[in-house]
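**Q** Sequence first, predicted model second:
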Amino acid sequence: MKIGNPPESERMVRLKIKIHCTECGKRVPGGVQTGEEYGRSLEFQKDVKRLKENYLCGICRDKKRVQK
Ligand SMILES: [Zn+2]
């Protein structure tokens with residue numbers, strides 16, 4: 001899964017950040033990717049924080065959609 005909005009030209013790196021679904025606790029499949037430079041920015045830290053608090057896996061997202 002890609003995090004944030006790194007510029008197109010930036011090399012993508014894979015990061016060892018564990019993000020879990022806030023509903024079922026399942027881990028994000030395939031880990032997290034972002035731009036090499038962007039990954040060091042403060043903006044990226046905010047993106048990760050936001051994601052950790054709000055992330056839903058595909059299954060839980062589907063469930064929520066059905067309930068509405
Ligand atoms: Zn889930």
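**A** In hand now; what should we look at? Residues are numbered from 1 along each chain as shown.
**Q** What pLDDT does the model give the closest residue to residue 28 other than its chain neighbours?
**A** Closest residue in space to residue 28, ignoring its immediate chain neighbours: residue 19 at 4.5 Å, by CB to CB, 6 or more residues apart in numbering. C-betas here are computed from N, CA, C, even on glycine. As summarised for this prediction, residue 19 has a pLDDT of 93.
**Q** cool, the one 3 residues further on as well?
**A** In this prediction, residue 22 carries a pLDDT score of 96.
**Q** so who does residue 16 touch?
**A** Shown in contact with residue 16 (CB atoms under 8 Å, 6 or more residues apart in numbering): residue 31.
**Q** what's the spacing between it and the ion?
**A** 21 Å (CB to the ion, to the nearest Å).
**Q** Now that residue, what are its backbone angles?
**A** For residue 16, the backbone dihedrals are phi -90, psi 60 (criterion: degrees, to the nearest 10).
**Q** phi, psi of residue 49?
**A** phi -60, psi -50.
**Q** got it, and residue 12?
**A** phi -90, psi 140.
**Q** just the one 5 residues further on next, same as before
**A** Main-chain torsions, residue 17, degrees, to the nearest 10: phi -110, psi 130.
**Q** now for the strand or helix carrying residue 43, which elements pack on it?
**A** For residue 43, the host element (DSSP states H and E) is helix 42-54. Using 3 or more CB pairs under 8 Å, 6 or more residues apart in numbering; DSSP states H and E as the contact criterion, no helix or strand is in contact with helix 42-54.
**Q** following it, which helix or strand comes up?
**A** By DSSP H and E, the next helix or strand past helix 42-54 is helix 58-67.
**Q** Only the buried residues of stretch 10-17, if you could.
**A** residue 17 (16 or more other CB atoms under 10 Å).
**Q** Can you pull the residues of this protein lying near the ion?
**A** Neighbours of the ion within the chain, by CB under 5 Å from the ion: 21, 23-24, 26, 57, 60.
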